[in-house]
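J.: Can you look at this prediction? I've put the sequence above it.
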Amino acid sequence: MRRPDLVAKNSQVAQLLQEGTPLVAVFWIHPKTKELVSPYAEPLEHGQHDPDLQVVDSRMLHMNLWSTVKDSHPDLKHFKYDQVPRGRVFFNEKNKKFHVFGPASHLADPSIQNKIHNTYKPTSVV
């Protein structure tokens, strides 16, 4: 099922990516190809601010996007959303840096690090 709201949002994000704007996002790492499966990203200023944790994060949750991911990647249909490595890019307001959260074994891979950096353009990554 295509979600028009995500299509419109992703069109805006594509424009921001061309401009080099850093984004907060949720993503999966394809278990076979190691490509990023990135159904949702948004500019930092549009992210969800959590005053208790002092972070800005994506407004979307992985579980809410999984059916969209499976529609776009039929080879993942037999997986549950938590069976595919997933992560997120968020901004820590205390140290003014972007953080990438996900499985350490995947995030240690330089090719995945480059894909995250090239896709979301985070500055000052921890």
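T.: That came through, no problem. If you're wondering where the values come from, they're calculated on a predicted model, not measured in any experiment.
J.: Quick check: which element contains Met63?
T.: Element membership of Met63 [criterion: DSSP states H and E] is helix 62-72.
J.: what's downstream of that helix, the next helix or strand?
T.: Defined by DSSP H and E, the subsequent element after helix 62-72 is strand 86-92.
J.: how many neighbours does Leu44 have?
T.: By the criterion of other Cβ atoms under 10 Å, Leu44 has 18 neighbours. Every C-beta, even on glycine, is put in place using the N, C-alpha and C of the backbone.
J.: go on, the one 10 residues further on?
T.: Burial of Gln54 is recorded as 12 neighbouring residues (other Cβ under 10 Å).
J.: how far off strand 86-92 does the helix holding Met63 point, in degrees?
T.: 130 degrees (axes from the mean of the first three to the mean of the last three Cα atoms, to 10 degrees).
J.: For helix 62-72, buried residues please.
T.: By neighbour count with 16 or more other Cβ atoms under 10 Å, helix 62-72 contains the buried residues 62, 65-66, 68-70.
J.: Check the gap between the closest residue to Trp66 other than its chain neighbours and Ala104 for me.
T.: Nearest residue to Trp66, sequence neighbours excluded (Cβ to Cβ, 6 or more residues apart in numbering): Tyr81, at 3.7 Å. Remark: distance between Tyr81 and Ala104 (Cβ to Cβ, to the nearest Å) = 19 Å.
J.: Now do the helices in the chain.
T.: Remark: helices assigned in the chain by DSSP state H are 4-19, 62-72, 104-107, 110-120.
J.: which residues touch Gly20?
T.: Lys121 (Cβ atoms under 8 Å, 6 or more residues apart in numbering).
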